[in-house]
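*Asks:* need coordinates for the below:
(3 chains)
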Amino acid sequence: MNSFLKTAVAGAAALLVAGAAHAATLDDIKKAGVLKCGINTGLPGFAYTDDKGKWTGFDVAYCRALAAAVFGDPDKVKYVNLTGKNRFPALAAGEIDVLSRNTTWTFSRDVDLGFTFIGVSYYDGQGFIGRKALGVKSAKELDGASVCIQTGTTTELNLADFFRVNKIKYEPVPIETNEEARKAYVAERCDVYTTDASGLAATKTTFKDPDAHMVFPEIISKEPLGPLVRQGDDQWADIARWTLNVLINAEEYGVTSANVDKLAAKAIDNPEINRMLGTEGSLGAMLGLRKTWAVDVLKAEGNYAEIYERYLGTKTPLGLARGLNALYTNGGILYAPPMR
Amino acid sequence: MTAQPFHRSQAEMLPERAAPVTTVGIVGWLRANLFSSWINAAFTLIAFYLLWLMVPALIDWAFVNADTAGDNRFACTSSGACWAWVDQRIDQFLYGFYTADQTWRVDLAVVLLIPALAPLLFEGVPFARQLRWFSLAYPVVATFLLVGGIGLEGVPTDKFGGFMLNLTVGLAGIVLSLPVGILLALGRRSRLPVIRVLCICFIETVRGVPLITLLFVSNIILPIFLPPDVTLDSLIRVIVMVTAFASAYMAEVIRGGLQAIPRGQYEAAQALGLRYWQMMGLIVLPQALKISIPGIVNTFIGLFKDTTLVIIIGLFDILGIGNAMVSNPDWLGLSTEAYVFIALFFFVACFSMSRYSIHLEKRLDTERRE
Amino acid sequence: MARNASAQRTAGQEWLRLWFDERSRGLIYQLLVILGLALVVAFIVSNTIANLQRAGLASGFGFLFDQAFFDINQKLIEYSSTSTFGRALIVGMLNTVLVSAMGIVLATAIGFFAGILRLSPNFLLSRMVGAWVEITRNVPVLLQIIFWWVLLTGLPKVRESLSIGDSIFLSNRGVRLPAPLLEPGFEWVFVAFLCGAVAAILVSHWSKRRQNVSGERFPVFWAGLALIVGLPALVYWFAGAPLAWDVPKATRFNFRGGFNVTPELLALWIALSTYTGAFISEIVRAGILSVGKGQTEAAGSLGLRPGQTMRLIVIPQALRVIIPPLTSQYLNLTKNSSLAIAIGHQELVSIGGTILNQSGQALEVVGIWMVFYLGLSLLTSMYMNWYNRRIALVER
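*Replies:* Below you'll find the predicted structure:
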């Protein structure tokens, strides 16, 4: 009876109170048995639900890879859907362990809000899309135009800067979600729609007549998107950082979800791969993780290229070419430090 | 010419004649209700014209020209609505992300709601006395079914979503806000100044601000107020805020009921030597609550509609699921269909509640007249 | 030993006596409540201070003077992306007040109109209005706001705008109205208007007194109209018509000039007004039904026409029943205006949210929201209470 009571009380307590962390995030995650990962409330390609209601997408894949690094099981993730407004308070308060929600790395977020960006998972930039019928060739000709934007994002600020610097006037049409901004543009509530170039490409494919629209040549901002954690727990930041680096390095070394088991079976004649997959050295132990942590990371959703092609690449409805996000060896700027 | 008598009397009754054709039957009804005057006739014609404009177009859109089959929006080719998603997404609209093979638990909880509510809502339900005990136990039973625990697979609350989340938040708010509202109403009429002032402050503050600012408080501010190693489950936070919000309104409705109880009732109770809680529980509240029922039901309706606001803090109620669906590449842009579908759920739920409230009002009205 | 025990007993009895005495028990209760409250407040304050220090967040309202860096499309006062957060918040507050005020006026009109129509002897009409009321009341207002927004963005495109006399343009970018440009000399028209208004109030008081004394009626309405409209018009003419109109002109993208009402504001306005109007119509209906049938019959036998009966006999009596619930509907409308966040009308909550996101000052922004709405609610209920007292039945 006594033990039953104890279980019941513990159960009720667990339901009410979940431990959050400030110092040893990793221990708390292990104790909870689940990684709390903050993601978007819905953005095609990055975080969306499939027909079974499962969260999936580019940002979600990172959550799964990180859970695999910690637990060896990519399914041990609790997704917390966050809006542009409550994402930072949620991370600061410890309601999530990592925020993987297409968030731009900026000075003030890194320094003033007290977060640590652990790298860049997607290099983006803000652009404009408009109808060809307008006869506009450049964003600088948009004097007097109505511009649809998503609120609570850096795009809103970049837009104001761009028009102020170029001394032209515009009517901002701020909208809460990406989907509604798209709808407003289709209805010609605004002349142009501005968001990250990835979003523009995704949006363009959804139009009835994509060829009637054009993306203007100007990219008005740098938008390095990446996951972030709270400042002050370097061990956890390292785990998050190197999980991302493993994904990128694996692409460079040619390690995929298909061949990772074979490569990890025994040491081969590539010491980089050996160190990464744990057949040589003890990188996992330095992070406080298992020897095979990187193998689990890669088995979750594959390497960076696999993830990219699955959710964003040219074969998906979004049809985004790699561009800046190709490896440095392929003309992009994706470059992860070595596994040594 | 024979002079007709000016007065004429008749010994026998004239045979009864039918009323003029223009005052009875369909024609009479039409005349009385639709064409009683020129203005009325004009109104009728305008109304008919509006109906003729709207109803066929609506039926065409929703049924006649609608598509119901297909795997994505490209399968919908006709001019009307595209309902193809309903088939695939209905589970998400109803259960959110609830573990797929456990959704029977949600169904069971909803079915059990019927015997739990019946003895409270209607008179003459068989076994009402026994069933009332079940009504009392229902919140515990439903929580156990939904969350799991001893013997049942646990389902974390972040998997709650869709209409089931609206129902959970709505019902929890209803169950909790009534007692809290009663306490607040009593507190506001208390003779202890500290308690009275506190209750007034709480009620007026909560009633003075929009619900979404309270939800932002629970979402953004509460973590700042609590120690760093404590975080409350976000569903519980929402329920607490919705309850706080509804109970302030509830308190005012019940206060109205309390004010309608004549002083004599209090004095008589005191004369019988009843203590405060006995007086309130046995004499005053039963009468006051009965008067306030329509107001209470209206507060419930408002609370239930307000459950859609959880979308603003990132929870996926039925509206959130609808928004998530229309941002899926397969179903982009079907917002009208999704919103109409969702509106239907709320209309059915809220309309039946308001009908019930009117029914009660009538019943109470006749009782008072007797 | 024995003495000690008896002393203890008396102390215990003393406590019991305190407990059973109603007044002292009340004091004990209140002390306990105050103590508990103080503990909770201390707990929250200490946590807050610790948490803010840990996150390295500054507290205080200094951020209000920082540059905002974002733009706002619907604004009543001058604002640009180089203005401060504080000014952005004021723009938001004014937008909230604007949509609330517009909503209250339209909702009242819709509510009274629908409430009276619902009691119409015309079966079809009353049923149709009834169906509309039920649908509107029973669907969440958030859904309705989104619905109206979708509908309004379906209006003709800006280059195919519907125009009224080439000065008012209606498109899915909103309604473009000519904006008045005040020229020197117009201030006299304002002065004339104020004088006229004051004079009209005085005339109405005087005529009421005269009617009470002598029973003679004075055409207050026409006199008032002449004073309020005629006097400024006369001054306007004498001052040489010091007013020009900034008529919107089509440019490559948009209209330029004039004053634009965005479809977001319109959608919010319509949705809030119809939603609240449906509730008000029920209140009005109940109010009118609460006036005894005898009143209407008496008015009829005095020879008043149905319109006069409604205006002079029924409505004034019904108002006493209508006003208190009407107040809470007005407050609800004001609070529901915060749902504009869903469609992107930039009012206080929406702008506050953006600021919260830029500056991280959650506590302060939420504080400003609450204080503002509380203040607005308080003002509205104070005004309505004053009005209620004014029309309350004076029992002799």
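*Asks:* check what pLDDT B:Trp277 gets.
*Replies:* Note on B:Trp277: pLDDT of 90.
*Asks:* helix, strand, or coil at it?
*Replies:* helix (DSSP: H, G, I helix; E, B strand; the rest coil).
*Asks:* could you count how many residues lie near it?
*Replies:* When neighbours are defined as other Cβ atoms under 10 Å in any protein chain shown, B:Trp277 has 10 of them. Heads up, the C-betas are built off the backbone N, CA and C, glycines and all.
*Asks:* and it, how far from C:Leu124?
*Replies:* Taking Cβ to Cβ, to the nearest Å as the criterion, B:Trp277 is separated from C:Leu124 by 54 Å.
*Asks:* what does C:Ser273 give?
*Replies:* C:Ser273 is 24 Å from C:Leu124, by Cβ to Cβ.
*Asks:* more neighbours, these two?
*Replies:* Each of C:Ser273 and C:Leu124 has its neighbours counted (other Cβ under 10 Å); C:Ser273 has more, 23 against 20.
*Asks:* ok, and what's touching stretch B:285-297?
*Replies:* B:178, B:182, B:250, B:253-254, B:256-258, B:260-261, B:265, B:353-354, B:356-358, B:360-361, B:364 (Cβ atoms under 8 Å, 6 or more residues apart in numbering or on different chains).
*Asks:* please flag which of the residues you listed sit within helices.
*Replies:* Under the assignment DSSP state H, the contacts of stretch B:285-297 contribute B:178, B:182, B:250, B:253-254, B:256-258, B:265, B:353-354, B:356-358, B:360-361, B:364 to helices.
*Asks:* quick one, which of those are buried?
*Replies:* B:Leu178, B:Ile182, B:Met250, B:Val253, B:Ile254, B:Gly257, B:Leu258, B:Ser354, B:Tyr356, B:Ser357, B:Leu360 (16 or more other Cβ atoms under 10 Å in any protein chain shown).
*Asks:* model confidence for the last one, exactly?
*Replies:* What it means is B:Leu360. In this model, B:Leu360 carries a pLDDT of 82.
*Asks:* show me the contacts for it.
*Replies:* B:Ile293, B:Pro294, B:Val297.
*Asks:* any idea which helix or strand carries the second one?
*Replies:* Spelled out, it's B:Pro294. helix B:285-306 (DSSP states H and E).
*Asks:* just the C-alphas of that helix, formatted as CSV.
*Replies:* Extracted as CSV, the C-alpha positions of helix B:285-306 are listed here (Å, rounded to 0.1, in the frame of the first residue of the first chain):
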residue,chain,number,x,y,z
LEU,B,285,-26.3,28.8,-2.1
PRO,B,286,-28.8,26.3,-3.3
GLN,B,287,-31.2,29.1,-4.0
ALA,B,288,-28.6,31.5,-5.3
LEU,B,289,-27.1,29.0,-7.7
LYS,B,290,-30.4,28.0,-9.0
ILE,B,291,-31.2,31.6,-10.0
SER,B,292,-27.7,31.9,-11.5
ILE,B,293,-27.8,28.8,-13.7
PRO,B,294,-28.4,30.6,-17.0
GLY,B,295,-25.6,33.0,-16.3
ILE,B,296,-23.4,30.1,-15.3
VAL,B,297,-24.1,28.3,-18.5
ASN,B,298,-23.3,31.4,-20.5
THR,B,299,-20.0,31.7,-18.7
PHE,B,300,-19.3,28.1,-19.7
ILE,B,301,-20.1,28.8,-23.3
GLY,B,302,-17.7,31.8,-23.3
LEU,B,303,-15.0,29.7,-21.6
PHE,B,304,-15.4,26.9,-24.2
LYS,B,305,-15.1,29.3,-27.1
ASP,B,306,-12.1,30.9,-25.5
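*Asks:* buried ones in it?
*Replies:* B:285, B:288-289, B:291-306.
*Asks:* same question for stretch B:37-45.
*Replies:* B:Asn40, B:Phe43, B:Thr44.
*Asks:* among those residues, which are in helices?
*Replies:* Per DSSP H, the buried residues of stretch B:37-45 map to helices at B:Asn40, B:Phe43, B:Thr44.
*Asks:* least confident pick among the residues you listed?
*Replies:* B:Asn40 (81).
*Asks:* next up, the contacts around that residue.
*Replies:* B:Leu34, C:Ser120, C:Pro121, C:Asn122.
*Asks:* quick one: which of those is most hemmed in?
*Replies:* That'd be C:Asn122 among the contacts of B:Asn40, by other Cβ under 10 Å, with 23 neighbours.
*Asks:* for B:Asn328, report the pLDDT, please.
*Replies:* 69.
*Asks:* actually C:Ala223, not the one I wrote
*Replies:* 85.
*Asks:* confirm that it sits in a helix.
*Replies:* Yes: using three-state DSSP, the secondary structure at C:Ala223 is a helix.
*Asks:* list the contacts for A:Asn303?
*Replies:* So A:Asn303 contacts A:Leu247, A:Ile248, A:Ala250, A:Glu251, A:Val255, A:Thr256, A:Ser257 (Cβ under 8 Å, 6+ apart).
*Asks:* enumerate every residue touching the residue nearest to it when sequence neighbours are not counted.
*Replies:* Excluding its sequence neighbours, the residue lying closest to A:Asn303 (Cβ to Cβ, 6 or more residues apart in numbering or on different chains) is A:Ala250, at 3.7 Å. Applying Cβ under 8 Å, 6+ apart, we find A:Ala250 in contact with A:Thr256, A:Val260, A:Met276, A:Ala294, A:Leu298, A:Asn303, A:Tyr304.
*Asks:* if we can go back for a sec, will you turn the contacts of B:Asn40 into a markdown table that also has distance to C:Ala179, secondary structure and pLDDT?
*Replies:* Formatted as a markdown table, the contacts of B:Asn40 follow (distance: Cβ to Cβ, whole Å; DSSP: H, G, I helix; E, B strand; the rest coil; pLDDT from 0 to 100):
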| residue | distance to C:Ala179 | secondary structure | pLDDT |
| --- | --- | --- | --- |
| B:Leu34 | 47 | coil | 76 |
| C:Ser120 | 40 | coil | 84 |
| C:Pro121 | 46 | coil | 81 |
| C:Asn122 | 42 | coil | 85 |
